Structures are given as C-alpha cells and as structure tokens.
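[1] give me coordinates for this.
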Amino acid sequence: MRILNLYHTTTGNTLKVAERINQTLQDLGHTLDSVKADKETKIDVLEYDLVFAGSGVYAWLPGKPMQKLFAELRAAYANNGLIKPASPRIQKKAIIYCTYGGVHTGINEAIPAVKYMGQLFDHLGFEILDEWYFIGEYQPEKIREMSLNGRLGNITGRPNETDLQEVEQKVRGIMRV
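    Numbers count the residues shown, from 1 in each chain. Predicted coordinates for the structure are as follows:
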C-alpha cells in the first residue's frame, strides 16, 4: 500500500501532528512519503492508496500553499477527465486533519478548512475515512495572547504530548480499517 502524508505548517503545530503520524505508521511497519506543501510542491495524490492531508487553519481555510496545490490538482485532474459526475469511488482512502486555535468560535473555525481539503479527495473518488481536528496554540508573539483568552480557554503548549498520543491512537485505529 502506498501512503502519503501531505501537510502544510506555518507555525510548527501541524508539523508536530504530521511527524507523529509518520512515526506511528513507521512503527506499524509501513513506509510512506511525507511531503510538506510549499508554493513549489508538485505531487500526484492518485499515485497513493492512502493519503493523510493536513494543514493549520488560517482564516477558516488551509494554508495558502495547500490551497494553491489543491486548486492546481483539481484543475489538472478535471482537465484529464479524472473528476467525474457523481464522483465514483476508486478504492483509495483519505484522512483529513488540521490544527487550529479557535479563538473566536472554537472548532467551527476549523471545519471549513478540513471540508475544503476533503473535497479534492471526495471529487476524485477517495473514501474519506475520517476528519481529525487538533488544537494548536497561537505561535506568533503578537497574537500569543489569543492562546489564553479564546473560546477554547488556555491552549498554550498545544498540541501537547496528550494531543500527540491521541494522534497516535487515531492512526493505529485507522490502519485497522
């Protein structure tokens, strides 16, 4: 089985989650490709049987490099006739994940980002096995106060080891599917 972990991180929160996903998969005996999306990333997600795709959440959406990559992939796949009416299933699977601070409305700020990323895979015919939402502190100094005073309470230091253990357990569980 070919596995991809495709992610974008700006502050390092999503990197922590991505690294735990990678380590857990390797501990389970799997090999994988792990790709940090940037403005130059070129990849064909259809080459993989299982894709983990994740990003931090910025103004309700994934990071700009993920948005750019997903827009390019959608256009290329559509132009090649690979996005079909009714999106027939193609025996591939995806897990979509994010890290978010949720200072104003909590998890509701993160849902659009995960749904956005999931649509590429759903349109291609992937089965979306799960959506994962992990809390992450606000890293930039000028907005660090939001880690203390937001809807989710004090999220300083998140994702922490407890969060990363949850990541590990979710990966172990999903690999049983």
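[2] lowest-pLDDT helix or strand in this structure?
    When each helix and strand of the chain is scored by mean pLDDT, DSSP states H and E, helix 146-149 comes last, with a mean of 94.
[3] how about that one: buried residues?
    146, 147 (16 or more other C-beta atoms under 10 Å). Every residue, glycine included, has its C-beta placed from N, CA and C.
[4] which residues are contacting it?
    101, 103, 137, 138, 154, 155, 156 (C-beta atoms under 8 Å, 6 or more residues apart in numbering).
[5] and the third one, how many neighbours?
    Which is residue 137. By other C-beta atoms under 10 Å, the residues close to residue 137 number 21.
[6] grab the nearest non-local neighbour of it.
    residue 147 (4.4 Å; C-beta to C-beta, 6 or more residues apart in numbering).
[7] and the gap between the one you found and residue 110?
    Distance of residue 147 to residue 110, computed by C-beta to C-beta, to the nearest Å: 15 Å.
[8] OK, contacts around the residue nearest the centre of the chain?
    Among the residues of the chain, the one closest to the centroid is residue 54, at 1.3 Å (C-alpha atoms, centre = their mean). For residue 54, the contact set (C-beta under 8 Å, 6+ apart) comprises 5-8, 14, 17-18, 21, 96-99, 117, 132.
[9] that one belongs to a strand, doesn't it?
    Yes. Judged by DSSP: H, G, I helix; E, B strand; the rest coil, residue 54 forms part of a strand.
[10] restricted to helices, list the contacts of residue 54.
    If you go by DSSP state H, these have 14, 17, 18, 21, 117 in helices.
[11] show me which of those are buried.
    With neighbours counted by 16+ other C-beta under 10 Å, those contain buried members at 14, 17, 18, 21, 117.
[12] which of these sit farthest apart?
    Taking C-beta to C-beta as the measure, these span a maximum distance of 14.7 Å, between 21 and 117.
[13] distance between stretch 99-119 and the chain's centre?
    Relative to its chain's centre, stretch 99-119 lies at 11 Å (C-alpha atoms, centre = their mean, to the nearest Å).
[14] list the buried residues of stretch 92-102.
    Neighbour count says stretch 92-102 has 92, 93, 94, 95, 96, 97, 98, 99, 100, 101, 102 buried, by 16+ other C-beta under 10 Å.
[15] ok, so of those residues, who is nearest residue 177?
    residue 93 (7.5 Å).
[16] let me see the contact set for the closest one.
    Listed by C-beta under 8 Å, 6+ apart, the contact set of residue 93 reads 49, 50, 51, 126, 127, 128, 129, 177.
[17] so residue 121, which state does it fall into?
    helix.
[18] start the count at 589 instead of 1 going forward.
    Happy to do that; since the first residue is 589 now, the last one works out to residue 709.
[19] bridging across strands, which residues link to the spatially closest residue to it that is not a sequence neighbour?
    Spatially, and ignoring its direct neighbours in sequence, residue 709 is nearest to residue 682 (4.1 Å; C-beta to C-beta, 6+ apart). On the basis of DSSP bridges, residue 682 is bridged to residue 639, residue 716.
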